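> sequence first, then the predicted structure, then my questions.
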There are 4 protein chains.
Amino acid sequence: MLRAAAWVHWGLFRLCTGLSVRMASSGIAQKGVLANRVAVVTGSTDGIGLAIARRLAQDGAHVVVSSRKQQNVDRAVAVLQGEGLSVTGTVCHVGKAEDRERLVATAVEHCGSVDFLVCNAGVNPPVGSTLGASEQVWDKILDVNLKAPALLLSQLLPHMENRRGAVILISSIAAYMPHVELGAYNVSKTALLGLTRTLALELAPKDIRVNCLVPGVIETDFSKVIHKNKAFWKSFKENMRLQRIGQPEDCAGLVSFLCSPEASYISGENIVVAGFSPRL
Amino acid sequence: MLRAAAWVHWGLFRLCTGLSVRMASSGIAQKGVLANRVAVVTGSTDGIGLAIARRLAQDGAHVVVSSRKQQNVDRAVAVLQGEGLSVTGTVCHVGKAEDRERLVATAVEHCGSVDFLVCNAGVNPPVGSTLGASEQVWDKILDVNLKAPALLLSQLLPHMENRRGAVILISSIAAYMPHVELGAYNVSKTALLGLTRTLALELAPKDIRVNCLVPGVIETDFSKVIHKNKAFWKSFKENMRLQRIGQPEDCAGLVSFLCSPEASYISGENIVVAGFSPRL
Amino acid sequence: MLRAAAWVHWGLFRLCTGLSVRMASSGIAQKGVLANRVAVVTGSTDGIGLAIARRLAQDGAHVVVSSRKQQNVDRAVAVLQGEGLSVTGTVCHVGKAEDRERLVATAVEHCGSVDFLVCNAGVNPPVGSTLGASEQVWDKILDVNLKAPALLLSQLLPHMENRRGAVILISSIAAYMPHVELGAYNVSKTALLGLTRTLALELAPKDIRVNCLVPGVIETDFSKVIHKNKAFWKSFKENMRLQRIGQPEDCAGLVSFLCSPEASYISGENIVVAGFSPRL
Amino acid sequence: MLRAAAWVHWGLFRLCTGLSVRMASSGIAQKGVLANRVAVVTGSTDGIGLAIARRLAQDGAHVVVSSRKQQNVDRAVAVLQGEGLSVTGTVCHVGKAEDRERLVATAVEHCGSVDFLVCNAGVNPPVGSTLGASEQVWDKILDVNLKAPALLLSQLLPHMENRRGAVILISSIAAYMPHVELGAYNVSKTALLGLTRTLALELAPKDIRVNCLVPGVIETDFSKVIHKNKAFWKSFKENMRLQRIGQPEDCAGLVSFLCSPEASYISGENIVVAGFSPRL
């Protein structure tokens, strides 16, 4: 009955630490594996980020959704609330310090503290060749894809400690299989694999796990870029024996798992959701 | 509403393919994410294997448990049935062809077909140095740790096709961080990382996913071997900043996830459950 | 002048330990970076193995060449001696214990001791699917590709100690990028990556380094198998942006480097010679 | 006689493309495997960089040495010229665009064109925790360690094309084994592993290979930081079974090999020089 014991332990932990959420959009207690937990998801008004926000809310968490444009935030909040989910929205360009501050303030104001941070916001390709990238292009990509997750987490950390929280970074299959047309983007995504591991070491004593979702080709607006190169996509699909293209929900399932107590001994891992694996 | 659609699709799929289980220990329909599904778990009468068997049964699957000794099988079956779980037991030394055949026959006889195969049976260290291993030692380790999963799967495959099944191999952190005292065992575990990937490619067209659990130091009888070397364990724990030793349930949670439709776009992955990660 | 000092140190080491070779085919002192050193190279009568044997002999080593058939051994010895190189030949099927013993005996009889072991002998694909492999197929592949290097090294080790020697295993790009038609062959090559690392740890105190050459597509009889699949080769070449197919000499250059004192702080490494890299 | 043919081919290539060097410090033809070739090495006035500069010059190349301070450049140039080596020096802070421009101009003015670029300049730790790093700390580390190699190569590329050149980046064992005290430094070094691979793909059609040296603990001023943590170093040395600490010359040997035609089919590889290997 070890398992039962573990769950009792988890329940007691919740009681003892007084985990609770000041609800933004509902006054009732939430159900589900993430009930009474709070998640901040960046870049979450469409595609993979929206699927993750929806899923964590379906699991019972209160979710703070955000992206760069007010109208996208408004639309996503309306859609998710229409599904009966508990969400708050705020505009946030993660590359801007003041936007990150506002995101943190919004989350703390509505929810008191934060359990999960999912960093999905990123500069999407195409960015051209690595050597064609100017200093400005490098800065833009590194600012948003690499530095922003670290800086946002620094700001959020005082509100996440000792809550058995989790951080999920979002890399890309290009981290393992660089695509020659994606240049500096490939590099930023490889860097995230390293960021995951060093953050995991750093935050272990604070009981915060850090893992990384590495999506393959997922059906989103971005994936259309890859599909356009029909010859590439055909040979990729054949060589990897892909049976279908991935869906944003495939990514959300893993994030839900990684946030849950099920994954409480998994940290520092980069996990590929691609229908195949590119590495040992 | 893509997610809802996906679940409807999943439900319809179940209806259409007539997924059902001739129950061994209960006549009632099972509940849970793996309801009406059948799992074969080798080496499942104690430690990590038992935790996996229990968890898949708690998820609603009917589980065929097995290991080398009848009395261990009897005890595990009694315990799990005592918890209200649906299980069947049979003796199986996975290194023996006739035992594998009997395991397959038992599963098919009771359940009609099989959805999940979890290959946990293995020769445990200590095995001494690599170069000290005789041909007989190599054969014993490779037979049980490497060949047996492939051969058992070959025999079980006709009963697993087109059911959206999953195979889970069990490697070890020693696959990535060889321990000098574990010799050929390290090598067999690295080989499993490759077996996972080649099987994933091979079985993709049959809609069977293949993934691998890579446990770190988990509290089992086996782990006591590692704990005995107090200096090693101390420095390992400090360097990796481990907050606790893993529990068999930590492994079972990942296997449950990998069997579920949540993980339907994850295949070929080796996933580490160790409290840290040893690789990029 | 640290570098000069290192080389003086190396020279003194040679004098002090009395490194010398009882020459089989020449009475004169050899020149070159591997002068007065002895190398055993299995599977060395054609392709990559022959190129390695030639190169180590050109570097000044005395080389023991071997493969399964007497006439191939005779031809290779004649060719290499015709080039003025110092070689001895013996028949050896590395999967057979008595053949390994004879190889060790031949090397020791002619040369007194051995500095380098290059394990090139292997079962070549095609071997079909992983799950189509019978126990006999698995045994044949694992015996020759995986166990033989370890067992041969065990037998040779007493003659290699404390000579600053090196072992080179030969894996394949299929270790990192499994090809679906190569089944158990892929797995045996992944296992070698692990064997390299565990042997490196084990032999470090004996001052023997262990590394692994991981060839990509190299122009040999074997590579014709891959070339036949024109569509695969075309997409592989394009995706990896290969400018040419590799030559056996490309592999020999790395092995020469890894045997030399230049590589004296490199051990446990798997190094890819493929015109691209498949891993981080 | 393939090998001989390859060397004839190489010789012809040199003749045909008129590879030659306008010598800065000598009017006579150079000998050695890199004779009449030009190498730019950043951060090359002490430690690993100086050892690389010396070695490439010993191999016959003309070497442009550089680092941030004029007096260090002057000293290194004097030392190397005193050893009879052909070198030019210039001050270069690789994080500054104008310094990179001056370095390129100096190299082109003295040598006409450039064959090899070795990017050794970097911000050394200690940098503290990842989450303690301010935006300014991130910028400093990424500017120098990650962006500078890419931007310098962009500027140098027009002078490197079609000369069978090579680029060597310098990462760190911390790329694979993040040290918790090194924070953003770890991440920048992991990013370099990805930069190596995307640059290798990008430059393959221009016949420029890109590889990466991954040093372990090498005896330099920097390594003293690690040595200070006596407990860490002791357990690291024991666990990895290190027989000695590495020397800058150990790194220089690999770089020499990677620049030579011997390595002409190796590109995109990250190669560890650490006395052990941290990855498969």
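Noted; the coordinates are in hand. Keep in mind that this is a model prediction, so the values were computed, not measured.
> in three-state terms, label the residue of the stretch 51-200 of chain A found nearest chain B for me.
In the stretch 51-200 of chain A, the residue that lies nearest chain B is A:Leu193 (5.0 Å; C-beta to the nearest C-beta). Every C-beta, even on glycine, is put in place using the N, C-alpha and C of the backbone. Assigned by DSSP: H, G, I helix; E, B strand; the rest coil, the conformation of A:Leu193 is helix.
> could you list every residue that touches it?
A:171, A:175, A:212, A:214, A:270, B:280, C:280, D:190 (C-beta atoms under 8 Å, 6 or more residues apart in numbering or on different chains).
> got the contact list for the last one?
Going by C-beta under 8 Å, 6+ apart, D:Thr190 touches A:190-191, A:193-195, A:197, B:280, D:171, D:175-176, D:178.
> give me the nearest residue to it, chain neighbours excluded.
Closest residue to D:Thr190 apart from its sequence neighbours, by C-beta to C-beta, 6 or more residues apart in numbering or on different chains: A:Gly194 at 2.7 Å.
> same check on A:Lys140?
Once flanking residues are discounted, A:Lys140 sits nearest to A:Val123: 6.0 Å by C-beta to C-beta, 6+ apart.
> can I assume the one you found is in contact with A:Asn145?
Yes: under the criterion of C-beta atoms under 8 Å, A:Val123 is in contact with A:Asn145, at a separation of 5.8 Å.
> looking at those two, which one has more neighbours?
The neighbour comparison of A:Val123 against A:Asn145 (other C-beta atoms under 10 Å in any protein chain shown) goes to A:Asn145, with 28 against 17.
> show me how far stretch A:230-248 is from its chain's centre.
Remark: stretch A:230-248 is offset 24 Å from the chain centroid, using C-alpha atoms, centre = their mean, to the nearest Å.
> hmm, I was thinking of stretch A:150-158
The answer for stretch A:150-158 is 14 Å, by C-alpha atoms, centre = their mean.
> just stretch A:243-254 next, same as before
Taking C-alpha atoms, centre = their mean, one finds stretch A:243-254 lying 14 Å from the centre of the chain it belongs to.
> now check stretch A:167-179, is it near chain D?
Yes: against chain D, stretch A:167-179 shows contacts by C-beta under 8 Å from any C-beta of the partner chain at A:175, A:178.
> A:Leu254: which element?
Secondary structure from DSSP states H and E places A:Leu254 in helix A:248-259.
> report the inter-axis angle for that helix versus helix B:248-259.
Angle, helix A:248-259 to helix B:248-259, by axes from the mean of the first three to the mean of the last three C-alpha atoms, to 10 degrees: 180 degrees.
> and helix A:248-259, what does it pack onto?
In terms of contact count using 3 or more C-beta pairs under 8 Å, 6 or more residues apart in numbering or on different chains; DSSP states H and E, helix A:248-259 is assigned the packing partners helix A:47-58, strand A:166-170, strand A:209-215, strand A:270-273, helix B:2-16.
> let me see the contact set for the residue of chain A found nearest chain C.
Residue of chain A nearest chain C, by C-beta to the nearest C-beta: A:Ser235 (3.7 Å). Contacts for A:Ser235 (C-beta under 8 Å, 6+ apart) come out as C:235, C:238-239.
> repeat for A:Ser256
A:33-34, A:55-56, A:59, B:262.
> how much space between it and B:Leu50?
Counting by C-beta to C-beta, to the nearest Å, the gap from A:Ser256 to B:Leu50 is 26 Å.
> again, but for A:Asp207
27 Å.
> swap in A:Tyr265?
For A:Tyr265 relative to B:Leu50 (C-beta to C-beta), the value is 17 Å.
> contacts only, for A:Arg244.
With contact set as C-beta under 8 Å, 6+ apart, A:Arg244 has these partners: A:275, B:265.
> correct me if wrong, but it is in a helix.
No: read with three-state DSSP, A:Arg244 is coil and lies in no helix.
> okay, it: pLDDT?
We note a pLDDT of 94 for A:Arg244 in this prediction.
> got it, and the one 4 residues further on?
The predicted structure scores A:Pro248 at 97 on the pLDDT scale.
> that one and C:Ala105, how far apart?
Taken as C-beta to C-beta, the span from A:Pro248 to C:Ala105 is 64 Å.
> out of those two, which sits in the more crowded spot?
More neighbours surround A:Pro248 than the other of A:Pro248 and C:Ala105, with 22 against 12 (other C-beta under 10 Å).
> what is the neighbour count of the closest residue to that one other than its chain neighbours?
Excluding its sequence neighbours, the residue lying closest to A:Pro248 (C-beta to C-beta, 6+ apart) is A:Ala51, at 3.4 Å. Number of residues near A:Ala51 (other C-beta under 10 Å) recorded here: 25.
> A:Gly246 is in contact with A:Ala51, correct?
No: the pair formed by A:Ala51 and A:Gly246 falls short of the contact definition of C-beta under 8 Å, at 10.7 Å.
> show me where the stretch 1-150 of chain A has its strands.
Using DSSP state E, counting those that start in this stretch, the strands of the stretch 1-150 of chain A run over A:38-41, A:62-67, A:87-91, A:116-119.
> the second one: which residues count as buried?
What it means is strand A:62-67. By 16 or more other C-beta atoms under 10 Å in any protein chain shown, the buried positions in strand A:62-67 come out as A:62-67.
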